[in-house]
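Colleague: This is the structure alone, sequence omitted:
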């Protein structure tokens, strides 16, 4: 069973946004601290070290963009599912079974209408005719309701399939670049 | 290039880097937990792909965390190196002065 808890997802995304800001702020503090220290440590190793930190900053900027692209996926999930409700549970594998059962139900109701229409009521009393016509109207109304339910269910399933396709494509576009591990050798 | 290392300032830098490292550790754990929570609120066939992204990113954050330790280690080692060299120079200066004093006696 699949489940999308839109309300909690929205709340968590709010926290995630703050975490990205903290990540960025803390990294900039580290970067500035290291950069400012270059006037207090001057030698060939220091030169290499500060150069490597400039390169690393570019890599961290990429990380930030990656964190933001993950956030865009969350926004997409919310925008796709909040049009369906606050907490959506579904099983796409049951889609065809449910629609097929509704088709069977609608077909049976249509068959009842056909049977009613095949009755010869020309000799029936007016009250029986009225009663039969009321029954036909009632069954037709049930068919309309069933058709409407079937359409709604199909639309919801279609929207879920469309949403999951969009989300899958967006996830496939995300690439996480590997950050090289720092070593001490050249800098001591 | 004239080599130098201001011990006091570099010691301050190391202290600040330790401080930021603590914040980084907390931030790292919170981002990891956030990924876990979001996984609980979005369970579909796409969750596995999203999990792969999280794993790759958590590995990256872990490397970044290790790199922060390496930065501190580099500062500490260089500080120690300069302190050792300045001690050796001081011993040499004192030693030479003693020799000069002995000669003068």
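Modeller: Cool, the structure landed. These numbers come from a predicted model, not from an experiment.

Colleague: Quick one: check the longest helix along chain B for contact with chain A.
Modeller: Among the segments of chain B that qualify as a helix by DSSP state H, the longest is helix B:47-104. Yes. Taking CB under 8 Å from any CB of the partner chain as the criterion, helix B:47-104 and chain A are in contact, through B:49-50, B:53-54, B:56-57, B:60-61, B:63-64, B:66-68, B:70-71, B:73-75, B:77-78, B:81. Where C-beta positions appear, they are placed from N, C-alpha and C, glycine not excepted.

Colleague: who does the helix or strand hosting residue A:149 touch, helix- and strand-wise?
Modeller: Assigned by DSSP states H and E, residue A:149 belongs to helix A:126-172. If you count contacts as 3 or more CB pairs under 8 Å, 6 or more residues apart in numbering or on different chains; DSSP states H and E, helix A:126-172 packs onto helix A:44-81, strand A:87-90, helix A:95-118, helix B:47-104.

Colleague: Local confidence estimate at the residue nearest the centre of chain B?
Modeller: Taking CA atoms, centre = their mean, the centroid of chain B lies closest to residue B:72, which sits 1.8 Å from it. For residue B:72, the pLDDT comes out at 97.

Colleague: So the residue most central in space within chain A versus chain B, what's the distance?
Modeller: The centre of chain A sits closest to residue A:77, judged by CA atoms, centre = their mean, with a distance of 3.1 Å. Going from residue A:77 to chain B by CB to the nearest CB, to the nearest Å gives 6 Å.

Colleague: for the residue of chain A positioned farthest from its centre, phi and psi?
Modeller: Residue farthest from the centre of chain A, counting by CA atoms, centre = their mean, is residue A:123 at 60.8 Å. Note on residue A:123: its backbone torsions stand at phi -100, psi 0 [degrees, to the nearest 10].

Colleague: wait, doesn't residue B:51 sit right on residue B:39?
Modeller: Yes. Using CB atoms under 8 Å, residue B:51 is in contact with residue B:39, at 6.7 Å.

Colleague: Quick check on residue A:4: phi, psi?
Modeller: Torsion angles, degrees, to the nearest 10, at residue A:4: phi -130, psi 110.
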